[in-house]
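Student: have a look at this prediction, sequence included:
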2 protein chains.
Amino acid sequence: MPSPAPRRSTRREQILAAAAELFAQRGFHGVGIDDIGSAVGISGPGLYRHFRSKDAMLGEMLTDISEKLLAGGQQRVDDAADAASALAELVRWHVDFALDNRALITVHERNLANLTEADQRRVRTLQRQYVEVWVEVIRKAVPSTDEPTARAAAHGVFGLLNSTPHSKHLDRDAMAVLLQRMAMAALTTPGSLTGLSPTASEAQRR
Amino acid sequence: MPSPAPRRSTRREQILAAAAELFAQRGFHGVGIDDIGSAVGISGPGLYRHFRSKDAMLGEMLTDISEKLLAGGQQRVDDAADAASALAELVRWHVDFALDNRALITVHERNLANLTEADQRRVRTLQRQYVEVWVEVIRKAVPSTDEPTARAAAHGVFGLLNSTPHSKHLDRDAMAVLLQRMAMAALTTPGSLTGLSPTASEAQRR
DNA sequence: CAGGCGTGTTAGCGGTCGTTAACTCCACGC
DNA sequence: GCGTGGAGTTAACGACCGCTAACACGCCTG
């Protein structure tokens, strides 16, 4: 037996990749089962040999991506020497991930609402944990940043880094460098994240 | 006649606002005509007294927002004294717009593909012109930035600024300040946008 | 060679959705 | 007071869509 695990079920992944592309372009409800089928050479209901339902496809691809994103991010942070390099590594990780999975990133940020309630809970939990990793690293690398600000900053950086599907004017590597620099500048420029109290009521009575 | 233009057809705008909220949450195809109707107190087909079709609603709200975005941006740039303040004003304009039109911004960046071909052309043209305004200002305010890089940077900043619907942890004003600072830092930190040649082939043979 | 089993096909059902038709009601100008 | 038109209602139609049923084919194993 030359290959003990003979490329563990390539077909499912192939289908998910095609579906991701379509969902990213037209939205979950804008894509029919027949569209997905013909994108992988089979037609229509043949997909039900591989997935229980259309919702299950979206569910699997969104939980998969959320898990990978969290695991990879956590790993980079754990391997980093100090807070500053942890932040840089986290940014690099997200940049690479977004550039190599454009369709998935798009679906991930647009189609959360179309999930089953159960899947939605699972994905939201993973997302929250990923944000938590960012918040902690930001607060360590950029001292005197309060938590709500760090959280908002993290979401903003996600928006910046996930903007990659919308512009193909630069090649992959140049885009990676640009996004890395912009994100680090946005986060670490002195004063960017400070002086914004949680409720802003405190700031006013200064 | 006390009011010659008696609040020019408030109903249409009310319907569009409700529809925008729903489209932002569930996507164009995820919202039924009945949902929109009941959101404004009437039910189902009553909407056809105000709009020719469901597509027409999306078309009108997307062209409207694109026109406002372009007009306001152009205006701020024209009124600015120098390139640096033009960039700052442009950022402030977009921040305010995004914060005051969260649902519309979301629909605008997610549901372009669901438009009629005619509407799609119109909206894309307006979008392109808006990006052009940004590209010109960036290249004047941040010298030695090549055009593709400026374009990619603009898209990135849009992603950053449009991230506002996803986080409600800060109040409006704090959020505005944070986004303004992060965007300006990302764009104007020395070295952020330089040294990335268009094809990157030149950079390699250095 | 028999028999699963994985993978695919086409036909069709049941529900939903956008749109139209036909009708009602009320406010207002002459 | 009467008619006209804006705004809304319910009923219904036709198309589409997700999914199931029933059947077909080829490959590996005993």
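Tutor: Yep, it's here.
Student: CA only for contacts and neighbour counts going forward, please
Tutor: Noted.
Student: A:Arg110 reaches B:Asn111, doesn't it?
Tutor: No: if you go by CA atoms under 8 Å, A:Arg110 and B:Asn111 don't touch, sitting 9.9 Å apart.
Student: and for these two, which residues touch both?
Tutor: Common neighbours of A:Arg110 and B:Asn111, using CA atoms under 8 Å, 6 or more residues apart in numbering or on different chains, are A:Gly27.
Student: quick check, the helix or strand where A:Glu89 lies touching chain B?
Tutor: Using DSSP states H and E, A:Glu89 maps to helix A:83-100. No: Helix A:83-100 does not reach chain B (CA under 8 Å from any CA of the partner chain); its nearest approach is 11.9 Å.
Student: what residues are up against A:Ala141?
Tutor: A:83-84, A:87.
Student: one more: A:Lys140?
Tutor: Applying CA under 8 Å, 6+ apart, the residues near A:Lys140 are A:83-84.
Student: can you give me the buried ones in the strand or helix carrying it?
Tutor: Element membership for A:Lys140 (DSSP H and E) is helix A:117-141. Under the neighbour-count criterion of 16 or more other CA atoms under 10 Å in any protein chain shown, helix A:117-141 has A:119-120, A:122-123, A:126-127, A:129-141 buried.
Student: out of the contacts of A:Ala141, who's the most crowded?
Tutor: A:Leu87 (26 neighbours; other CA atoms under 10 Å in any protein chain shown).
Student: state the pLDDT value of the spatially closest residue to it that is not a sequence neighbour.
Tutor: Among residues not flanking A:Leu87 along the chain, A:Val137 sits closest, at 6.1 Å (CA to CA, 6 or more residues apart in numbering or on different chains). Here, the pLDDT recorded for A:Val137 equals 98.
Student: what sits against A:Val137?
Tutor: A:77, A:83, A:86-87.
Student: could you do A:Ala113 as well?
Tutor: A:120, B:25-26.
Student: which residues in chain A form helices?
Tutor: A:10-26, A:33-39, A:54-79, A:83-100, A:102-110, A:117-141, A:147-161, A:172-188, A:201-204 (DSSP state H).
Student: dump the ones you listed to JSON lines, plus distance to DNA strand C.
Tutor: Converted to JSON lines, these look like this (distance: least, CA to the nearest atom of the strand, whole Å):
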{"stretch": "helix A:10-26", "distance to DNA strand C": "7"}
{"stretch": "helix A:33-39", "distance to DNA strand C": "7"}
{"stretch": "helix A:54-79", "distance to DNA strand C": "13"}
{"stretch": "helix A:83-100", "distance to DNA strand C": "26"}
{"stretch": "helix A:102-110", "distance to DNA strand C": "18"}
{"stretch": "helix A:117-141", "distance to DNA strand C": "17"}
{"stretch": "helix A:147-161", "distance to DNA strand C": "29"}
{"stretch": "helix A:172-188", "distance to DNA strand C": "33"}
{"stretch": "helix A:201-204", "distance to DNA strand C": "44"}
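Student: right, and these - which one's nearest B:Ala98?
Tutor: Nearest of those to B:Ala98, taken as CA to CA: helix A:147-161 at 12.6 Å.
Student: the closest one vs helix B:172-188, what angle?
Tutor: Counting by axes from the mean of the first three to the mean of the last three CA atoms, to 10 degrees, helix A:147-161 lies at 40 degrees to helix B:172-188.
Student: what's helix A:147-161 packed up against?
Tutor: helix A:83-100, helix A:117-141, helix A:172-188, helix B:147-161, helix B:172-188 (3 or more CA pairs under 8 Å, 6 or more residues apart in numbering or on different chains; DSSP states H and E).
Student: tell me the average confidence for the fourth one?
Tutor: Summarised as a single mean, pLDDT over helix B:147-161 is 98.
Student: if we can go back for a sec, of the contacts of A:Ala141, list those near DNA strand D.
Tutor: When the contacts of A:Ala141 are filtered against DNA strand D using CA under 7 Å from any atom of the strand, no residues are retained.
Student: tell me how far the residue most central in space within chain A lies from A:Arg52.
Tutor: Chain A has A:Ile105 as the residue nearest its centroid, 5.1 Å off, counting by CA atoms, centre = their mean. Relative to A:Arg52, A:Ile105 is positioned 23 Å away (CA to CA, to the nearest Å).
Student: again, but for A:Asp82
Tutor: For A:Asp82, the distance to A:Arg52 - CA to CA - is 45 Å.
Student: the more surrounded of the two?
Tutor: A:Asp82 (13 against 10).
Student: okay, A:Ile36 and A:Leu170: tell me how far apart.
Tutor: 30 Å.
Student: more neighbours: those two, which one.
Tutor: A:Ile36 (25 against 20).
Student: for the closest residue to A:Phe97 other than its chain neighbours, give me its contacts.
Tutor: Nearest in space to A:Phe97, with sequence neighbours left out and distances taken as CA to CA, 6+ apart, is A:Leu69 at 7.7 Å. By CA under 8 Å, 6+ apart, the contact list for A:Leu69 reads A:94, A:97, A:130.
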